[in-house]
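> build me a model from this:
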Amino acid sequence: MSNLSEQIISDHNKARSLAKEIQSTPLHQTMARQALFDEYKREVKIHALAEERVVYSEIEREQPNQGELAREMSHGEDEHDDINALLEKCDKLNVSDEIFNGTFNRLVDALEHHMQQEEKDLLPELNDAFSDKTLDSLNKRLSEQKESLKNMT
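Numbering: from 1, shown residues only. So this is what the prediction gives:
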């Protein structure tokens with residue numbers, strides 16, 4: 001497994017952990033739930049945007065509309081759009097409301113589906129399609145892009 005795959009999976013695990021924290025925090029703890037959701041939203045958005053700017057753009061550049069990797073990337077972009085829409089929907093709701101819980105659970109399910117698909121399909125394809133040197137470069141660029149985005153928010 002490449003360092004790039006490890007970085008992406010680490011981001012996925014952080015999102016999973018934050019989601020569990022939100023889901024296990026009682027509804028009446030509004031401030032704690034809001035802080036956790038804000039962190040969750042920030043981490044998911046930064047990861048998705050950095051991934052699109054670095055990893056997906058490299059796939060497009062090197063393998064435009066070719067094979068399974070291009071299909072996985074296109075599907076991943078569509079899922080990012082769906083996840084962002086659910087994030088925005090959650091952001092407009094009160095985190096201590098049952099309606100938030102239902103919407104957030106749909107978000108968590110959609111994100112989990114996306115992460116599992118990336119881990120099972122996209123990352124192995126990526127590791128097969130690119131050289132170790134390219135994967136190392138993508139890993140570094142992804143880290144730098146996430147840092148840059150964190151500094152902007």
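> how many other residues sit next to Ser143?
For Ser143, the count of nearby residues is 15 (other CB atoms under 10 Å). In short, each C-beta sits where N, CA and C put it, glycine included.
> over to Thr25?
Other residues lying near Thr25 total 18 when counted by other CB under 10 Å.
> quick check: it vs Asn101, distance?
11 Å (CB to CB, to the nearest Å).
> could you pull out the helices for this protein?
3-24, 30-51, 57-62, 67-91, 98-117, 123-129, 132-152 (DSSP state H).
> what pLDDT, on average, does the fourth one get?
In this model, helix 67-91 carries a mean pLDDT of 89.
> does anything pack onto it? Which helices or strands?
helix 30-51, helix 57-62, helix 98-117, helix 123-129 (3 or more CB pairs under 8 Å, 6 or more residues apart in numbering; DSSP states H and E).
> buried residues in it, which are they?
By neighbour count on 16 or more other CB atoms under 10 Å, the buried set for helix 67-91 is 69-70, 72-73, 76, 79-80, 83-84, 86-87, 90.
> closest one of these to Leu123?
Of all those, Glu72 has the smallest distance to Leu123: 9.3 Å, by CB to CB.
> who's in contact with that closest one?
117-118, 121-122, 125 (CB atoms under 8 Å, 6 or more residues apart in numbering).
> likewise Ile9?
Residues in contact with Ile9 (CB under 8 Å, 6+ apart) are 119, 123.
> again, only using 7 Å
The contact partners of Ile9, by CB atoms under 7 Å, 6 or more residues apart in numbering, come to Glu119.
> now the residue lying closest to His80 once chain neighbours are set aside: how far from Tyr40?
Leaving out its chain neighbours, the residue that sits closest to His80 by CB to CB, 6 or more residues apart in numbering is Ala48, at 4.7 Å. Distance of Ala48 to Tyr40, given as CB to CB: 12 Å.
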